[in-house]
Each structure stands twice: as C-alpha cells, then as structure tokens.
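> Output the structure for:
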Amino acid sequence: MTYDVAIEQRDISKINKLNKLRNIETFWTDACKLTRAVKSDHAIHRWQCLAEIRFNELKCEKLNDFNYFRNSLKSEIGSSTMDLVDNYIKGMGRLPTYDLSSSNIDDANYLRRLYITLNSLGLM
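Next up is the predicted model:
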C-alpha cells in the first residue's frame, strides 16, 4: 500500500505495519493483533479503513498470481490438457499426471491452493 491513502501523519506508521502483513488467510487476525491496544474511535476507524485497502490489495495480488500461473501453465501444456487441469483445480477431476512434468504438477497444485483461497474470498 502506498502512502497516497494517508490522511494523517500517524497513518504512515499504520501503513508500514499493514504492509508487513502478507498472508491473506490470517490477515484479519493479524490486523486485530496490531490494534489490540487502540481505544480511540477515530484511530479504530482509520485502522479499519487502511486495513480494508490493504486486504483488497492482497486479494488483487492473489488473483493476479492465479491468472499469471494459469496462463503460463496453459502456454506450456496446451489447451486440451489445460481443460483437464482446470477441472482438477476446481475439484472436479483428477490431475492428468501422464501429460505433465513434475514442475507442471507443482504449478497445478499451487493453482489449486490459490483457487481454494480465492473461492473462499468470493473471487472465483
């Protein structure tokens, strides 16, 4: 997150702390730990606004990762095999291991984990 969203000087330290949060699955738990001692309604509101902006950035990063890995895998293995991999990613089939190298299998498994995360966030 950039400092463009900072309204107050104190927002800069909040942004720095939120930028350290990288795990989207534990984001809100970690953000709550950062605000444990905050008592002011104004400060809580600023933390909430900045945390929502950071969370949306993380969602976009995950979605971009998914699209990048999916497109690179598709260009490597072809469309017909990618259809089978897409079914595997969505949990509707088996991975066609006979057509894939070990790095392609790793990519497919990574895509499946990303898909599950994005699906739980309502992005798929």
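> which parts of the longest helix along the chain are buried?
For the chain, the helix with the greatest residue count under DSSP state H is helix 41-77. Residues of helix 41-77 classed as buried by neighbour count (16 or more other CB atoms under 10 Å): 46-47, 50-51, 54-55, 58-59, 62-63, 66, 70, 73, 77. All C-beta atoms are positioned from the backbone trio N, CA, C, and that covers glycine.
> Any chance of these in CSV with pLDDT and distance to Asp107 as columns?
Below are the buried residues of helix 41-77 laid out as CSV (pLDDT from 0 to 100; distance: CB to CB, whole Å):
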residue, pLDDT, distance to Asp107
Arg46, 90, 40
Trp47, 92, 37
Leu50, 92, 34
Ala51, 93, 31
Arg54, 93, 27
Phe55, 94, 26
Leu58, 93, 21
Lys59, 92, 21
Lys62, 90, 15
Leu63, 90, 17
Phe66, 88, 11
Arg70, 86, 9
Leu73, 86, 5
Ile77, 83, 9
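> can you list the residues you listed in TSV and add distance to Asn109?
Output for the buried residues of helix 41-77, formatted as TSV (distance: CB to CB, whole Å):
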residue	distance to Asn109
Arg46	39
Trp47	36
Leu50	34
Ala51	30
Arg54	27
Phe55	25
Leu58	21
Lys59	21
Lys62	16
Leu63	18
Phe66	13
Arg70	13
Leu73	11
Ile77	14
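> I'd like to know which of those residues is nearest to Glu8.
The closest of those to Glu8 turns out to be Arg46 (CB to CB; 7.1 Å).
> The closest one contacts Gln9, doesn't it?
No - using CB atoms under 8 Å, Arg46 is not in contact with Gln9, being 11.5 Å away.
> if I look at Ser79, how far off is Ser13?
49 Å (CB to CB, to the nearest Å).
> Over to Tyr98?
Taking CB to CB, one finds Tyr98 at 54 Å from Ser13.
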